[in-house]
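Trainee: Below: sequence and its predicted model.
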Amino acid sequence: MENPLLLFPQLNISSSKEKNYCKVMKSTNKEEANKEIQITVSPEEAVKWGESFDKLLSQKAGLDAFTRFLKTEFSEENIEFWTACEDYKKNKTSHHLLPTAKTIYDTFVRKDAPKEVNLDFHTKEFTAQNIIHPTLNSFDAAQAKVYRLMEQDSYPRFLRSDMYLDLIKGRQPHHPALRRRSRSFTFNEFQDVQTDFTIWL
């Protein structure tokens with residue numbers, strides 16, 4: 001019998017892709033482990049982060065600590081998107097706006113983006129329209145929604161986390177256990193859902 005890989009060459013291709021994917025994943029995980037963030041902050045500074053979410057994000061150590069916390073919850077795309085928007089607004093030349101806006105949109109906003117953030121349909125559509133002729137404010141609405149989501153959802157959990165409690169006690173935080181990812185949803189996504197109560201009768 002002929003070699004099945006000759007009859008179905010795609011089998012051979014997918015197999016090699018799978019091996020490469022595993023290699024990439026392994027090397028990425030190793031790199032992540034080696035790039036463990038060391039957070040250097042005084043307990044007094046860390047206590048100030050509890051005053052407001054804005055104060056936490058305004059300090060590099062606070063941003064690093066919060067990013068590290070979000071990684072344990074598998075929701076780091078939120079802070080990455082927020083940071084990308086902050087960097088985007090610092091663009092000095094208009095000809096950089098379109099390619100940068102498209103990259104941010106394709107990475108974080110479009111449906112099934114690799115790091116898709118949790119935005120309602122209307123905000124996604126509004127953002128898509130904004131980047132056709134981008135300005136420095138093209139992502140403001142989307143960024144504000146993600147900011148509020150982090151402020152109301154992730155930030156309170158961060159303040160209760162062992163990581164933060166270690167910092168305000170002056171201890172270097174130990175590597176936290178990973179939480180299972182749970183994507184929050186917005187009310188708008190479920191407004192049009194019709195419930196059929198007759199199935200219970």
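Mentor: It's in.

Trainee: residues contacting Phe139?
Mentor: Each residue near Phe139 by Cβ atoms under 8 Å, 6 or more residues apart in numbering is listed here: 85, 88, 101, 104, 127, 130. C-beta: built from backbone N, CA, C; applies to glycine.

Trainee: Oh, that last question was meant for His96, not what I typed.
Mentor: No residues are in contact with His96 under the rule Cβ under 8 Å, 6+ apart.

Trainee: next one: Leu159
Mentor: 49-50.

Trainee: Sort out for me which of the contacts of Phe139 are in helices.
Mentor: 85, 88, 101, 104, 127, 130 (DSSP state H).

Trainee: okay, the residues you listed in CSV with neighbour count next?
Mentor: Shown next, in CSV, are those (neighbours: other Cβ atoms under 10 Å):
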residue, neighbour count
Cys85, 21
Tyr88, 20
Ala101, 23
Ile104, 24
Thr127, 23
Asn130, 18
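
Trainee: so which of the residues you listed comes closest to Pro114?
Mentor: Ile104 (12.1 Å; Cβ to Cβ).

Trainee: And the pLDDT for that closest one?
Mentor: With respect to pLDDT, Ile104 scores 98.

Trainee: So in this structure, where's the weakest helix or strand by average pLDDT?
Mentor: helix 9-34 (a mean of 40; mean pLDDT, DSSP states H and E).

Trainee: picking up where we left off before, please convert the ones in helices among the contacts of Phe139 to CSV, extending it with distance to Asp64.
Mentor: Converted to CSV, the ones in helices among the contacts of Phe139 look like this (distance: Cβ to Cβ, whole Å):
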residue, distance to Asp64
Cys85, 18
Tyr88, 20
Ala101, 26
Ile104, 21
Thr127, 27
Asn130, 30
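
Trainee: Looking at the residues you listed, spot the one nearest Pro156.
Mentor: Out of the ones in helices among the contacts of Phe139, the member with the shortest distance to Pro156 (by Cβ to Cβ) is Cys85, at 22.4 Å.

Trainee: ok, that closest one - contacts?
Mentor: 104, 139-140, 142-143.
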